[in-house]
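Participant: sequence first, then the predicted structure:
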Amino acid sequence: MIEPPHLTRPPLPRTLSTIMEAAAGKKILVVEDEQDIAQLVQHYLQKDGFRPVTAMNGIEALKKVKEEKPDLIVLDLMLPELDGLEVCKRVRSTPDTAMLPIIMLTAKAEESDTIVGLELGADDYVTKPFSPKALVARVKALLRRIDRTPANGATHYRYGALTMDPTRHEVSLNEQEIPLTAKEFGLLEHLLRHRGRVLTREVLLNAVWGYDYYGTTRTVDVHIRRLKQKLPLLEDAILSVKSLGYKLKDTD
């Protein structure tokens, strides 16, 4: 007897099944003191195959970072005991977690609050109220920046004394490894890949952040400044093009 076609479940498309398998191995730490919001974010992350864990305050967040070893943190700015900015600062100052991706949640829409968070090392930010689906999309985009292989097949980039290995997510200057956040790494990789070309802030936002960006382009400026601080070689190598964006000087 032949089984009716409607009883046969087709396999998941290759791309969808691959995404779900990748998400299933990723642990996301959600740091949020409002229980309803924490549960909502947790629910949407679970729907997409992630493994969320939660913390209700800054002290608990740092403990969970050490114990759970998450792949990414969704971090609220306003937290009891220890605020999100201080949590971000401590995570970035610890060698084992210096490159841990961080998406900051904030009810403050002022540009100054956003800039402070980015200066301390946040890779991205979302202002409340927000769409849980959009937040999950940000999580996926940020993780893709870490997991993806070079689009042009390059195994590494060299720029003077600077070396980048995209497959290992490593950057070295004078053979000393320099820890970069996911966004810093993605921004540097894009500049290295397109050296000598003027890249507008909008192009960099779309390429590195991986979604249509409707916020301030100051985000790019902050990350460029952080790259120059961590890699002094880039101080004179990354040129600011007035009213447009940035260009990495060609060494050839």
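Facilitator: Alright, I've got the coordinates.
Participant: what is the burial count for the closest residue to Met99 other than its chain neighbours?
Facilitator: Nearest residue to Met99 in three dimensions, chain neighbours excluded: Pro179, at 5.2 Å (C-beta to C-beta, 6 or more residues apart in numbering). For glycine as for every other residue, the C-beta is placed from the backbone atoms N, C-alpha and C. The criterion is other C-beta atoms under 10 Å. On that basis, Pro179 has 17 neighbouring residues.
Participant: quick check: which element contains Pro179?
Facilitator: With elements taken from DSSP states H and E, nothing contains Pro179; it lies in neither a helix nor a strand.
Participant: name the spans of the stretch 151-252 of the chain whose pLDDT lies under the cut-off.
Facilitator: 151-155, 210-216, 251-252 (pLDDT under 70).
Participant: show me the beta-bridge partners of Ile102.
Facilitator: Counting by DSSP bridges, Ile102 is bridged to Ile73.
Participant: so what's it up against?
Facilitator: Under the criterion of C-beta atoms under 8 Å, 6 or more residues apart in numbering, the neighbours of Ile102 are 72-73, 75, 88, 91, 121-124, 181.
Participant: same check, this time on Leu191
Facilitator: By C-beta under 8 Å, 6+ apart, the contact list for Leu191 reads 199, 238, 246, 248.
Participant: which residue ranges of this structure form strands?
Facilitator: Here the chain has its strands, by DSSP state E, at 27-31, 51-55, 72-76, 102-106, 124-127, 157-159, 162-165, 170-173, 176-177, 199-200, 238-241, 245-248.
Participant: name the strands paired with the first one and say parallel or antiparallel.
Facilitator: This means strand 27-31. Each strand that strand 27-31 pairs with, and the sense of that pairing, follows from DSSP bridges: strand 51-55 (parallel), strand 72-76 (parallel).
Participant: out of those strands, deepest packed?
Facilitator: strand 72-76 (a mean of 26; mean count of other C-beta atoms under 10 Å).
Participant: residues contacting that one, please?
Facilitator: Here strand 72-76 has contacts from 26, 28-34, 41, 61, 65, 84, 87-88, 91, 100-106, 122, 135, 139, 142-143, using C-beta under 8 Å, 6+ apart.
Participant: which among those end up buried?
Facilitator: 26, 28-33, 41, 61, 65, 84, 87-88, 91, 100-106, 122, 135, 139, 142-143 (16 or more other C-beta atoms under 10 Å).
Participant: what pairs with the spatially closest residue to Ile178 that is not a sequence neighbour across the strands?
Facilitator: Take Ile178 and drop its neighbours on the chain: the residue closest to it by C-beta to C-beta, 6+ apart is Val171, 5.1 Å away. In this entry, Val171 is beta-bridged to Met164, by DSSP bridges.
Participant: and the helices in the stretch 1-150 of the chain, which stretches?
Facilitator: Taking DSSP state H, counting those that start in this stretch as the criterion, the stretch 1-150 of the chain carries its helices at 14-24, 35-47, 58-68, 84-93, 111-120, 132-147.
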